[in-house]
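A.B. asks: Take this sequence and fold it.
(one chain, ligands or ions: 1)
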Amino acid sequence: MALDFGLSEEQRQFQVLADRVLQRFAGRREELKRMILKEHRFPQELWDAFAEAGFLGALIPEKYGGSATGLLSLALACEQMGAHGYGSALMVLTAMDTACIVRNASEEMKKRILPQIAQGKLKLCFAVTEPNAGSNTFRISTVAKRTPDGKHYRLTGEKTFITGADVADLMLLVVRTTSVEECKAQGLPKAFGLSLLLVDPKSKGVTLTPLPTRGIEGFTQFSIHFDDALVPVDSLVGEQDAGAVALFTSLNPERILAAALACGMTKYLLQKSVAYSLDRKVFADKPIGTHQAIQHPLAELQIELEGTRLLTYQAAWGFDQGLEPQQVGYYANCAKYKAAEMAIAAADRAIQTHGGSGFSEDMGIIYYWEGARLLRTAPITKEMILNYVAEHKLEMPRSY
Ligand SMILES: Cc1cc2nc3c(=O)[nH]c(=O)nc-3n(C[C@H](O)[C@H](O)[C@H](O)COP(=O)(O)OP(=O)(O)OC[C@H]3O[C@@H](n4cnc5c(N)ncnc54)[C@H](O)[C@@H]3O)c2cc1C
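C.D. replies: From the prediction side, this is the model:
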């Protein structure tokens with residue numbers, strides 16, 4: 001790769017703009033955080049401000065109303081969001097679905113959907129996980145069958161842990177149009193038969209049941225049942241039965257943006273920790289921040305942040321440059337792995353620096369522990385990333 005560590009003028013402007021937009025809410029941070037943490041609602045006005053600043057159009061070509069500034073720009077915006085103490089899972093999910101639509105959908109679908117996403121009018125969620133298929137996507141059994149008149153898909157099955165399905169206007173749904181058994185019988189690989197559909201979660205035959213889950217503040221997770229729900233055939237994104245590649249390449253932006261949010265979260269926690277440690281006096285008149293035992297772990301995190309941020313930018317840059325999805329996938333996985341472990345360490349260190357106040361709901365640090373810890377498990381687990389790196393980078397045998 002080319003070694004150019006500078007951001008383009010456009011990317012730098014995007015970063016500054018993101019910061020400015022978030023500064024506008026600085027005076028109302030406590031009120032907004034209360035809405036997110038206590039009422040489990042993500043403020044619409046924050047979403048509108050992100051849309052107005054062009055975050056949601058970053059991956060969309062100009063001819064569909066986007067700014068096409070790219071994933072690195074969006075990662076910079078997400079990092080700023082994290083650095084201001086926010087995170088929006090639905091923005092990450094909308095962005096990953098957008099990347100999938102841009103690269104795989106029909107011209108008609110792009111014209112119909114993309115301008116509305118760019119304007120912030122459409123929120124999108126993503127549904128792949130099922131009760132019997134989390135890490136092993138090929139095992140999903142939600143089925144979409146064409147109706148005899150060829151006009152609809154009939155959906156049956158169940159998804160679980162689906163974030164924001166109640167507030168999303170559309171859901172990028174991963175289904176099987178050919179079952180694993182049919183693939184086996186026809187001598188086809190199990191990667192065959194996956195398809196992607198853009199479905200309205202409020203459609204008839206689709207039932208959302210809230211799941212009491214922690215880890216993503218401001219949004220609820222749902223289990224979703226499909227009981228003979230009918231969706232029009234033009235909901236298909238890409239080719240029927242050939243959705244695997246589109247799906248796996250769309251997971252890269254999700255991992256990269258999750259890593260960017262984690263970098264921002266780490267910065268936020270570091271800032272909070274430093275400020276508290278310079279204020280809190282325990283022995284004599286010396287703030288706790290004068291002790292190396294408090295300083296050094298924070299300094300280590302700062303160094304970790306520099307490296308993880310570079311890895312995240314490299315992954316986003318690779319996506320924007322159109323590198324091979326496997327290459328982008330490697331860096332996206334590495335970035336997400338490092339960022340998750342770093343954010344967990346940052347949350348742990350912030351709690352320790354704050355003493356008992358680290359557990360105070362009013363102080364708010366403890367919520368970041370859950371958010372950071374989730375990243376070791378979702379959107380992909382730490383173990384599946386290590387499996388991937390061992391198999392694909394180190395060329396070691398697949399263990400499962
Ligand atoms: C708060 C939250 C929000 C979520 N939002 C969404 C969403 O919006 N959309 C969506 O589709 N999903 C969502 N998920 C689901 C999430 O992506 C999955 O939980 C995650 O991918 C892990 O799948 P699983 O829970 O089925 O774990 P499993 O696959 O059952 O794994 C359990 C454990 O076994 C380990 N393991 C499994 N196989 C292997 C192996 N071969 N080698 C080593 N270790 C292995 C895993 O790493 C893990 O530690 C969300 C989950 C949570 C908790």
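
A.B. asks: Please identify the buried residues of stretch 219-236?
C.D. replies: Buried residues in stretch 219-236, counted by 16 or more other CB atoms under 10 Å: Phe219, Thr220, Gln221, Phe222, Ser223, Ile224, His225, Phe226, Ala229, Val231, Ser235, Leu236. Quick note: C-beta positions are derived from backbone N, CA and C, even for glycine.

A.B. asks: pLDDT of stretch 76-94, averaged?
C.D. replies: In this model, stretch 76-94 has an average pLDDT of 94.

A.B. asks: Flag every residue of the stretch 201-350 of the chain that's near the ligand.
C.D. replies: Those residues of the stretch 201-350 of the chain that sit near the ligand, judged by CB under 6 Å from any ligand atom, are Thr213, Gly215, Ile216, Gln221.

A.B. asks: Looking at the residues you listed, which two lie furthest apart in space?
C.D. replies: Spatial extent of those (CB to CB) is set by the pair Gly215 and Gln221 at 8.6 Å.

A.B. asks: Tell me how many other residues crowd whichever residue of the chain sits closest to the ligand.
C.D. replies: Going by CB to the nearest ligand atom, the ligand is nearest to Gly134 of the chain, at 1.6 Å. For Gly134, the count of nearby residues is 18 (other CB atoms under 10 Å).

A.B. asks: What of Tyr153?
C.D. replies: So Tyr153, with other CB under 10 Å, has 23 neighbours.

A.B. asks: does it belong to a helix or a strand, and which?
C.D. replies: Taking DSSP states H and E as the criterion, Tyr153 maps to strand 152-163.

A.B. asks: quick one: average confidence on that strand?
C.D. replies: Strand 152-163 comes out at a mean pLDDT of 98.

A.B. asks: Toward the C-terminus, what is the element adjacent to that strand?
C.D. replies: Using DSSP H and E, the first helix or strand after strand 152-163 is strand 170-176.

A.B. asks: pLDDT at the residue nearest to Leu311 when sequence neighbours are not counted, what is it?
C.D. replies: Distance criterion CB to CB, 6 or more residues apart in numbering; nearest residue to Leu311, sequence neighbours excluded, is Ala335 at 4.5 Å. Looking at Ala335, its pLDDT reads 98.

A.B. asks: give the contact list for Ala335.
C.D. replies: By CB atoms under 8 Å, 6 or more residues apart in numbering, the residues touching Ala335 are Arg255, Ile256, Ala259, Thr308, Leu311, Thr312, Gln314, Ala315.

A.B. asks: Please name the nearest non-neighbouring residue to the last one.
C.D. replies: Pointing back at Ala315 there. Tyr331 (3.7 Å).

A.B. asks: Helix or strand: which one has the one you found?
C.D. replies: helix 325-353.

A.B. asks: other SSEs contacting the next helix or strand after that helix?
C.D. replies: Where DSSP H and E defines the elements, the next helix or strand beyond helix 325-353 is helix 365-374. Applying 3 or more CB pairs under 8 Å, 6 or more residues apart in numbering; DSSP states H and E, one finds that helix 365-374 makes contact with helix 243-279, helix 325-353.

A.B. asks: Quick one: those helices as a markdown table, columns for distance to Ala49 too.
C.D. replies: Formatted as a markdown table, the helices and strands packed on helix 365-374 follow (distance: least, CB to CB, whole Å):
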| stretch | distance to Ala49 |
| --- | --- |
| helix 243-279 | 16 |
| helix 325-353 | 24 |
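
A.B. asks: from what I can see the residue nearest to Ala315 touches Tyr313, true?
C.D. replies: No - judged on CB atoms under 8 Å, Tyr331 makes no contact with Tyr313 at a distance of 9.7 Å.

A.B. asks: How about exporting stretch 11-19 as CSV, limited to the C-alpha atoms?
C.D. replies: Extracted in CSV, the C-alpha atoms of stretch 11-19 (Å, rounded to 0.1, in the frame of the first residue of the first chain):
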residue,chain,number,x,y,z
GLN,A,11,-11.8,14.1,4.8
ARG,A,12,-10.4,16.7,7.1
GLN,A,13,-13.4,19.0,6.5
PHE,A,14,-15.7,16.1,7.2
GLN,A,15,-13.9,15.4,10.5
VAL,A,16,-14.2,19.1,11.5
LEU,A,17,-17.8,19.2,10.4
ALA,A,18,-18.7,16.2,12.5
ASP,A,19,-17.0,17.7,15.5
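
A.B. asks: That stretch: which residues count as buried?
C.D. replies: Gln11, Phe14, Gln15, Leu17, Ala18, Asp19.

A.B. asks: can you give me the angle the strand holding Tyr153 makes with strand 170-176?
C.D. replies: 110 degrees (axes from the mean of the first three to the mean of the last three CA atoms, to 10 degrees).

A.B. asks: Briefly note if strand 152-163 comes near the ligand.
C.D. replies: Yes - using CB under 6 Å from any ligand atom, strand 152-163 reaches the ligand at Phe161, Ile162, Thr163.

A.B. asks: the helices in the stretch 1-150 of the chain, which residues?
C.D. replies: Taking DSSP state H, counting those that start in this stretch as the test, the helices found in the stretch 1-150 of the chain are 9-23, 29-37, 44-52, 71-83, 89-104, 107-118.

A.B. asks: would you list those helices in a markdown table and tack on distance to the ligand?
C.D. replies: Output for these, formatted as a markdown table (distance: least, CB to the nearest ligand atom, whole Å):
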| stretch | distance to the ligand |
| --- | --- |
| helix 9-23 | 23 |
| helix 29-37 | 14 |
| helix 44-52 | 17 |
| helix 71-83 | 16 |
| helix 89-104 | 6 |
| helix 107-118 | 17 |
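
A.B. asks: Cool, thanks, signing off.
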